[in-house]
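Colleague: What would the 3D arrangement of this be:
(chains A and B)
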Amino acid sequence: MTSFMNKNKLNIILTGSINSYSQVFFSDNKLFGGILLVVSFFDIWAGLSGLVAVLATIITALMLGFSEFNINKGTYGFNSLLVGLGTGLSFSPGIESLIIVLFASIITLIISITLEGFFAKYYLPFLSIPFLFGMWMVVMASRDLTALGISERGIYTANELYQFGGKALIDIYQWVDYTEWPLIISTYFLSLGAIFFQYNILAGILIALGILFYSRISFLLSVIGFVTAFLFYDFIGADITQYGYSYIGFNFILTAIALGGHFLVPNKYSFLWVILLLPIVVLFTLSLSKLLLPYQLSVFSLPFNIVVLLFLYFLKLRVKRPNKLKEVVTQLNNPEKNLYFQEQAEKRFRWLEYFPISLPFLGKWIVSQAENGEFTHQGEWKYAWDFVIADKEGKQFTKTGDYPEDYFCYNKIVIAPSDGTVVDIIDGIEDNIIGDVNLVHNWGNSIVIKHAEYLYTQLSHLKKGSFKIKKGDLIKKGDALAHCGNSGRSPYPHLHFQIQATPFIGSKTIDYPINHFIKYDKNKHKFNSYSKPLLNEEVSNIETSDLLKNALNLIPGQKLKYQLLQEDKDIMTEEWEVKTDYYNNTYIFCQQTNSFAYLYNEGNVHYFKSFTGNKNSALYYYYIALYYIPLGFYKSMELVDKFPPNAAIGKIKMIFQDFIAPFYQAFKVNYTLKFTEIDNELAPEKIELKSQMDQYFFNKKVKSADFNIRIDKDGVSEINTNNISIKILNNVSN
Amino acid sequence: MEKLKYERPVINKIKAGVPDKFGMSTKIKTISKIEGIPVKDIIKEYGSPVFVLSENKIRETYNEAYRAFSTRYPKVQFSWSYKTNYLDAVCKIYHSEGSWAEVVSGFEYDKAIDNGVDGSKILFNGPDKSDKDLIKAIEKKSFIHIDHFDELYSIIRIADNLKQKAKVAIRVNMDTGIYPQWDRFGFNYENGEAWNALNRIMLSNNLELVGLHTHIGTYILSANAYGIAATKLAELAVRVHRKFNHHIKYIDMGGGFASNNTLKGAYLPGKDTCPSFDDYAESITSALINSEIEPDHLPTLFLETGRAMIDEAGYILGTVLANKRLTSARRSTIVDIGINLLFTSFWYDHEIYPAQESSQQTEDTTIYGPLCMNIDMLREAIQFPLLQKGDHIVIPRIGAYNMTQWMQFITLRPNILLIDTNKNIQIIRKKESNDLFKSLEIVPEHLK
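Modeller: Below is the predicted model:
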């Protein structure tokens, strides 16, 4: 047990350390972190100081019991790293200097955690403010630290490089340094290097390559940010190189990456704002330098911190839901991933935004008055629906229709649209005679259910004395509530359903969709997700099929075994385990191929969210084929969805796609699902589905793949495509 | 001007003034056309007697019944009771409307398969299922409604041998407050037999319990009885779920809905006393919806209504053979429709109508069939107009059971016609011939 704990902790220390390097650029890419680690060792003593600072910080944080997740992501380490690098570079090597690094890193950690607590209330990051405090403290104190001796390194770079990498490195360094670079390019590289206190072009080139490797969008932003600032300097007549030595060029690069793609979803609007904000960063840089000059302090990353924090806070106070300049909700530490995820989330992961509300009845009902209805759904009550039952000919009643009992919907059961608590009930109002309305008790017998904060549903015109629940009851989705009646402002029996933000009967309605439902059009089924039933449409909830539900009910801890076959030859056997991460996301992990498929199950619909790993694995085919499955069988029903482009497009093509991603999606990948066969409608043993993935390049179909899916009592037992098939290997347990 | 029709003289008591307890004096309705086609033309072309079915009426009644249930309950499935009328054309009309098949023998099972019904849409009922039938039903994934323990053991044995899951339901009989209580079919609810059977099914490896079935009787005039039956089945479903965490997929309420025929001995005509589809539907669906079954696992409601679905769509047309005065001075009329063709006349007082206009004079008449058998009597006493030899008569509402229970006795079976939705007459079963009859017989060599 203890050895396991140690191994786990060691793992956190290692990944946390490497991530502390890449986190400087908001990344958690380990290779990028590795490049940065190497670059930091261009000055061995500085590199060592940085590493010591990171390790000291991470071990302290871990021992004190701070969030392992944040430590792992490098969130706490990167400020100390910068302080360590800066300190190591300022002082001559020696034990005294190391001790200072140690203390400086611990105070940086304390500041980081404190600021995290402070900023978290505003949903803001603490950026590199801890570094500023830590570094300024060291710099100001350094004048009294006579035992340490100010270092003169950084001036004789070649000497240090020789120590680190020998003659070969010196040759590269000299070739790079003596090449005549255009001013704008050399300054760009120098500014990048300066982030790691390396004032040379080679370091800058390596970092630039690292950025390009981890994110094309970030690289593009770094260039755009820098060029904008450079041109602005030129425009206002200031000399950018004059300030070069004080390491300020990186402010422009970091601001561009942070606002253009990290904290905001990268798109043309975020790019535009980067261009608008950078002159402001320049002005801050110039003015703050003057402010700090009396204290002989460098501005370091102060302008970047001020502008990014100000702008993020400024955006948070918007009242309307942003649809152009969007904040990243789920931070994936990569602008491409953030962008693709955001595009997906908007269309597919509506549960992130909406609490699922289903239809409040059994079977098929018809919308007799929709939103903005001509009769009563107007003004503040416009987001509401009236439902009735009609026969094939569209008639709502039998006999003469003179009595409520003649109406098909009368006395039908009304069910809870979602889990919640009953907050109000009105009962005791008599049904009206057909054609009459009761304007005194407008809503008739009604019920209001609280589902979440500021989310209530109201059902009205119910039958007197039919309530099966009472005020205060906890109810579950699908529980019987009452019977449809004809009380209140109801000339003929119908069910009124509305969603509101306040708990009162007759509250103002809110614009809110129904999560999933089936629309019927001449025996054709159409699947609808997070949309609204329209006038005269016949709709029902999804009736789940136990076989489908069981096949895709993947519970954390569950183990699956699949065999991958190509032309009937056994290629590989994969063992999967269903797990959950810190954010309570469920995923399937494949041990053999180190692949992850994130999924979500809404009870009546199964989604795959994303996939990372080996695209020749059984898990990948599983992910593609079962991307989006409603868990009820509706023969011949078809639905479409979109994959993120990186789900299917090759790596080289993706580099091209990534560069233009904020502006245009050149590669589109569509998903189609069709319910083909069921062997027995009531007690099925086998269900067949067919899914399809179509790839488009500039709207031209370039590739297509079919997947035949077989579902039986073992779950998803087989998926076939072209010459590849995957088969379940789980032994049936009796 | 057409010559006035001769009617024999008759002496009748004058009934004028206020109506007595039987209402005004009897007015005789005439049915001269079926779906707009004159009866005399039909008989001229296809002979007498002849059965006629109306496709329009079949579809209309089906839709009326389906509407009554489907507007009250989210999942409804009708299943055509083959024994009521298993003419292929008739079955196919029901299947085209969406009905499954309900069969009670290997013969009917094969018929359903021949009619293109998928095995998974057949309910297999009845006390007589051979091993061969059961193997077929298990392999084709049909739903087997178990009638007795011996059958249950057979299915367990066969399913184990086949290593296939048999999809089963049990038939349950119960006290629903009506008389007679049918207890010869299925397992009894009150004495715990049904619960015992359910436990045995749930605990056997190769049986999948899918449904619960009851059929409380035939020609049930109380819709309320169905409500009681549905409540009891729902209780069983809830008990199965509580004990085994298993959801029952369907509840089959069988059939037995009354048609508008009048039972022998009934005081009031069937038209006035029979509940409508809406009455039955209200009673059954209310019971299910108000039961303790969870709303999101409501079982599909199956109905095997036969009689009430097709009775109204069938007619038999015939001809008067002779008039006769009995020794009791009662008038009798002999027609060419016998009980060999009209089996249901044993329990119904069938309405019999003239196919041509007549005066409003009637006489208390006994109507006999053509058979040389004393029991061949269609109506013992009916106020009947004064028809002559060669006149045609129409007996409506005979679509159920007659075309399956008929006897080849003394005469051969006549044509069966279907008037389709375009009002074209189609022969759907040819009249039997001597050759056909002979073809089945084998005379031993020594008698030739």
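
Colleague: CA only for contacts and neighbour counts going forward, please
Modeller: Fine.

Colleague: Please name the residues that touch whichever residue of chain A sits closest to chain B.
Modeller: Closest to chain B within chain A is A:G363: 4.1 Å, counting by C-alpha to the nearest C-alpha. A:G363 makes contacts with A:S540, A:N541, B:Y73, B:P74, B:K75, as judged by C-alpha atoms under 8 Å, 6 or more residues apart in numbering or on different chains.

Colleague: Same check on A:L554?
Modeller: Taking C-alpha under 8 Å, 6+ apart as the test, what A:L554 contacts is A:V578.

Colleague: Check what pLDDT it gets.
Modeller: Looking at A:L554, its pLDDT is 91.

Colleague: now do A:M135
Modeller: At A:M135, pLDDT is 91.

Colleague: Which residues belonging to whatever helix or strand A:L209 lives in are considered buried?
Modeller: Per DSSP states H and E: A:L209 is located in helix A:201-214. Buried residues in helix A:201-214, counted by 16 or more other C-alpha atoms under 10 Å in any protein chain shown: A:I201, A:L202, A:A203, A:G204, A:I205, A:L206, A:I207, A:A208, A:G210, A:I211, A:L212, A:Y214.

Colleague: just stretch B:268-284 next, same as before
Modeller: Buried residues in stretch B:268-284 (16+ other C-alpha under 10 Å): B:270, B:273-284.

Colleague: can I get the CA coordinates of it in PDB?
Modeller: Provided in PDB are the C-alpha atoms of stretch B:268-284 (Å, rounded to 0.1, in the frame of the first residue of the first chain):
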ATOM      1  CA  LEU B 268     -83.300  -6.300 -24.700                       C
ATOM      2  CA  PRO B 269     -81.600  -6.200 -28.000                       C
ATOM      3  CA  GLY B 270     -77.700  -6.400 -28.000                       C
ATOM      4  CA  LYS B 271     -77.500  -3.100 -29.800                       C
ATOM      5  CA  ASP B 272     -78.800  -1.400 -26.600                       C
ATOM      6  CA  THR B 273     -77.000  -3.500 -24.000                       C
ATOM      7  CA  CYS B 274     -73.500  -4.100 -25.300                       C
ATOM      8  CA  PRO B 275     -70.800  -1.800 -24.100                       C
ATOM      9  CA  SER B 276     -68.900   0.100 -26.700                       C
ATOM     10  CA  PHE B 277     -65.100  -0.100 -27.400                       C
ATOM     11  CA  ASP B 278     -64.800   3.100 -25.500                       C
ATOM     12  CA  ASP B 279     -66.400   1.600 -22.400                       C
ATOM     13  CA  TYR B 280     -64.100  -1.400 -22.400                       C
ATOM     14  CA  ALA B 281     -61.000   0.800 -23.200                       C
ATOM     15  CA  GLU B 282     -61.800   3.200 -20.400                       C
ATOM     16  CA  SER B 283     -62.100   0.400 -17.800                       C
ATOM     17  CA  ILE B 284     -59.000  -1.500 -18.900                       C
END
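
Colleague: what about it, near chain A?
Modeller: No: shown here: stretch B:268-284 not in contact with chain A (C-alpha under 8 Å from any C-alpha of the partner chain), separated by at least 9.0 Å.

Colleague: With stretch B:58-71 instead?
Modeller: Yes: contact of stretch B:58-71 with chain A (C-alpha under 8 Å from any C-alpha) involves B:R67, B:T71.

Colleague: What are the contacting residues of the helix holding A:L209?
Modeller: Contacts with helix A:201-214, where a contact means C-alpha under 8 Å, 6+ apart, come from A:27, A:29, A:31-32, A:35-36, A:39, A:42, A:172-173, A:176-177, A:186, A:188-194, A:198, A:218-219, A:334.

Colleague: In strands, which of the residues you listed appear?
Modeller: Per DSSP state E, strands hold no members of those.

Colleague: Just the buried ones from those residues?
Modeller: Applying 16+ other C-alpha under 10 Å to the contacts of helix A:201-214 flags A:27, A:29, A:32, A:35-36, A:39, A:42, A:173, A:176, A:186, A:188-194, A:198, A:218-219, A:334 as buried.

Colleague: Report pLDDT for B:Y267.
Modeller: At B:Y267, pLDDT is 83.

Colleague: May I have the phi/psi pair for it?
Modeller: Main-chain torsions, B:Y267, degrees, to the nearest 10: phi -80, psi -40.

Colleague: how many other residues sit next to it?
Modeller: By other C-alpha atoms under 10 Å in any protein chain shown, the residues close to B:Y267 number 9.

Colleague: So it versus chain A, what's the distance?
Modeller: 27 Å (C-alpha to the nearest C-alpha, to the nearest Å).

Colleague: tell me the contacts of B:Y62?
Modeller: Counting by C-alpha under 8 Å, 6+ apart, B:Y62 makes contact with B:Y94, B:E97, B:M309.

Colleague: The last one touches B:N63, doesn't it?
Modeller: I take that to be B:M309. No: the criterion here is C-alpha atoms under 8 Å, and B:M309 misses it with B:N63 at 9.6 Å.

Colleague: Pull the contacting residues for the nearest residue to B:T344 once chain neighbours are set aside.
Modeller: Closest residue to B:T344 apart from its sequence neighbours, by C-alpha to C-alpha, 6 or more residues apart in numbering or on different chains: B:N402 at 6.4 Å. Shown here is B:N402, whose contacts under the criterion C-alpha under 8 Å, 6+ apart are B:N85, B:L341, B:L342, B:F343, B:T344.

Colleague: more crowded one of B:M309 and B:N63?
Modeller: When B:M309 and B:N63 are compared on other C-alpha under 10 Å, the one with more neighbours turns out to be B:M309, at 29 against 17.

Colleague: name the element that one belongs to?
Modeller: B:M309 is part of helix B:307-310 when elements are defined by DSSP H and E.

Colleague: Would you mind pulling up the elements that that helix packs against?
Modeller: On a contact count with 3 or more C-alpha pairs under 8 Å, 6 or more residues apart in numbering or on different chains; DSSP states H and E, helix B:307-310 meets helix B:55-70.

Colleague: chain center to the helix it packs on, what's the gap?
Modeller: Here the centre of helix B:55-70 is set off from its chain's centre by 15 Å, with C-alpha atoms, centre = their mean, to the nearest Å.
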